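Colleague: give me the fold of what follows.
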Amino acid sequence: MTSHIGRQFKQSNREELWFGYTESVYWLRLNVTDISGLDWMLVIEEPWLSRIDFFCVGENGEYTVQSTGYAYPFYKREVSHRFFIFHLDFRDNPHKTI
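Modeller: The predicted structure is shown next:
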């Protein structure tokens with residue numbers, strides 16, 4: 001992530017984030033470290049979100065993106081569930097930026 005974009009993120013001191021009902025776009029960046037060796041999933045428990053773009057930074061610095069939301073067909077979800085679920089793969093590196 002370029003330093004210009006990286007400087008625009010602000011750290012939250014809340015355990016849970018809630019922005020209310022809005023048509024605004026929010027970007028979140030999480031630095032995650034796996035010390036458990038277990039499978040991780042990011043679960044977004046807001047089934048009324050029309051669009052979610054999930055970006056993950058790979059080993060080579062390139063991004064992968066998965067797009068979902070209620071505006072997308074249900075069968076295209078990685079996990080068939082009413083919430084939006086993304087698998088986090090720590091096999092190559094225990095540190096991820098998502």
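
Colleague: let me see the ranges of the helices in the chain.
Modeller: Shown for the chain, the helices assigned by DSSP state H span residues 3-6.

Colleague: show me the shaky parts of the protein.
Modeller: For the chain, residues meeting the criterion pLDDT under 70 lie at 1-3.

Colleague: which stretches of it form strands?
Modeller: Ranges of strands within the chain are 31-33, 40-44, 52-57, 63-68, 84-88, 95-97, based on DSSP state E.

Colleague: mean neighbour count and distance to residue 12 added to those strands, as CSV?
Modeller: Backbone N, C-alpha and C define where each C-beta goes, glycine included. Output for the strands of the chain, formatted as CSV (neighbours: other CB atoms under 10 Å; distance: least, CB to CB, whole Å):
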stretch, mean neighbour count, distance to residue 12
strand 31-33, 11, 13
strand 40-44, 13, 16
strand 52-57, 16, 18
strand 63-68, 13, 22
strand 84-88, 17, 20
strand 95-97, 14, 16
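
Colleague: with distance to residue 6 added, can I get those strands in a markdown table?
Modeller: Output for the strands of the chain, formatted as a markdown table (distance: least, CB to CB, whole Å):
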| stretch | distance to residue 6 |
| --- | --- |
| strand 31-33 | 11 |
| strand 40-44 | 20 |
| strand 52-57 | 11 |
| strand 63-68 | 14 |
| strand 84-88 | 20 |
| strand 95-97 | 10 |
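
Colleague: do you know which of these lies nearest residue 18?
Modeller: strand 40-44 (12.4 Å; CB to CB).

Colleague: distance from the chain centre to the closest one, please.
Modeller: Its chain's average C-alpha position is 8 Å from that of strand 40-44, according to CA atoms, centre = their mean, to the nearest Å.

Colleague: test of understanding: give the bridge partners of residue 84.
Modeller: Beta-bridge partners for residue 84, by DSSP bridges, are residue 44.

Colleague: from memory it sits against residue 44, does it?
Modeller: Yes: at 4.3 Å, residue 84 counts as touching residue 44 under the criterion of CB atoms under 8 Å.
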